[in-house]
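>>> only geometry, no sequence info:
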């Protein structure tokens, strides 16, 4: 198993053992030191998801704008970059979760997809409530996100798309495919792969024609768009608590790791700016 998979399993087992300790079924929780021992024994490191740079982010969004095939995807991915929501939260978002007058989005549930041999029922999608209070949060609506929501509504109206899905009593979902059903993560990630390939092909051709360096996009998933939002937030916000609340991080350590990564990249830029402003020399 990958380190990320083991980390996920450890997180779930840790909570289960915590409940067992609380209910006096066992005396101590055996899981806290597992990941540390694994790192020492195998020297394995968690893979790092790199956020898109501002240049890559701009190129990605501009490529879709007005594209004959991918234009209708731009509002969806703009929304992801502009809110930092998880994929399940994105898919499960309803119009009643958006308050345009007060200017915020309420996140208090997510859609999950559960199929395979472990699920003997015909139902494949479910609504999940956050396991902790950190997952319940309000995200401010920035102008680009408001514009993206307007474009989604307009596109659906012009193409006769309306919600045909009801999941555990939830309906009126915002982001729908042409059949009126919610998006699954696999569909969104496959779409990203196609967009990235199309952009890189175009960019390589254009760069060669104009004899300039190409600005290529790495292959990434929807989660990288959440990471990109967090990176942009860290670049302009120094209050870690605000970042944690907007992102819905359970552990402040997760926020600090991303903040440290962004801060490291901007260290030289900050020092240069400091030297100019204070005229140190």
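Now that the structure is in, tell me what you want to look at. Worth saying up front: this structure is predicted, and the values here are computed from it rather than measured.
>>> just give me the neighbour total for residue 249.
Using other CB atoms under 10 Å as the criterion, residue 249 is surrounded by 20 other residues. Quick note: C-beta positions are derived from backbone N, CA and C, even for glycine.
>>> typed the wrong thing, it's residue 217
By the criterion of other CB under 10 Å, residue 217 has 19 neighbours.
>>> and the closest residue in space to residue 108 that isn't next to it in sequence, what does it touch?
Excluding its sequence neighbours, the residue lying closest to residue 108 (CB to CB, 6 or more residues apart in numbering) is residue 136, at 4.8 Å. Residue 136 is in contact with 107, 108, 130, 248, counting by CB atoms under 8 Å, 6 or more residues apart in numbering.
>>> switch to 10 Å and redo it
If a contact means CB atoms under 10 Å, 6 or more residues apart in numbering, then residue 136 has 106, 107, 108, 109, 129, 130, 248 as its contacts.
>>> before we move on, what about residue 15?
Shown here is residue 15, whose contacts under the criterion CB under 10 Å, 6+ apart are 29, 31, 131, 132.
>>> possible to save these as JSON lines with secondary structure, distance to residue 155 and pLDDT?
Compiled in JSON lines, these are given as follows (DSSP: H, G, I helix; E, B strand; the rest coil; distance: CB to CB, whole Å; pLDDT from 0 to 100):
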{"residue": "29", "secondary structure": "coil", "distance to residue 155": "50", "pLDDT": "92"}
{"residue": "31", "secondary structure": "coil", "distance to residue 155": "47", "pLDDT": "88"}
{"residue": "131", "secondary structure": "coil", "distance to residue 155": "34", "pLDDT": "71"}
{"residue": "132", "secondary structure": "coil", "distance to residue 155": "35", "pLDDT": "73"}
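>>> which among those residues end up buried?
A residue is treated as buried here by neighbour count (16 or more other CB atoms under 10 Å); on that basis the buried members of the contacts of residue 15 are 29, 31.
>>> any chance of JSON lines for the contacts of residue 15, columns distance to residue 141?
Formatted as JSON lines, the entries for the contacts of residue 15 read as follows, by distance: CB to CB, whole Å:
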{"residue": "29", "distance to residue 141": "40"}
{"residue": "31", "distance to residue 141": "39"}
{"residue": "131", "distance to residue 141": "26"}
{"residue": "132", "distance to residue 141": "24"}
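>>> follow-up on the earlier one: of the contacts of residue 136 - the most surrounded one?
Going through the contacts of residue 136 with other CB under 10 Å as the criterion, the one with the most neighbours is residue 107, at 23 neighbours.
>>> which residues in the stretch 51-200 of the chain form strands?
For the stretch 51-200 of the chain, the strands defined by DSSP state E, counting those that start in this stretch occupy 98-99, 104-107, 110-113, 125-128, 137-140.
>>> out of the ones you listed, nearest to residue 190?
Closest approach to residue 190 among those is made by strand 110-113 (14.0 Å; CB to CB).
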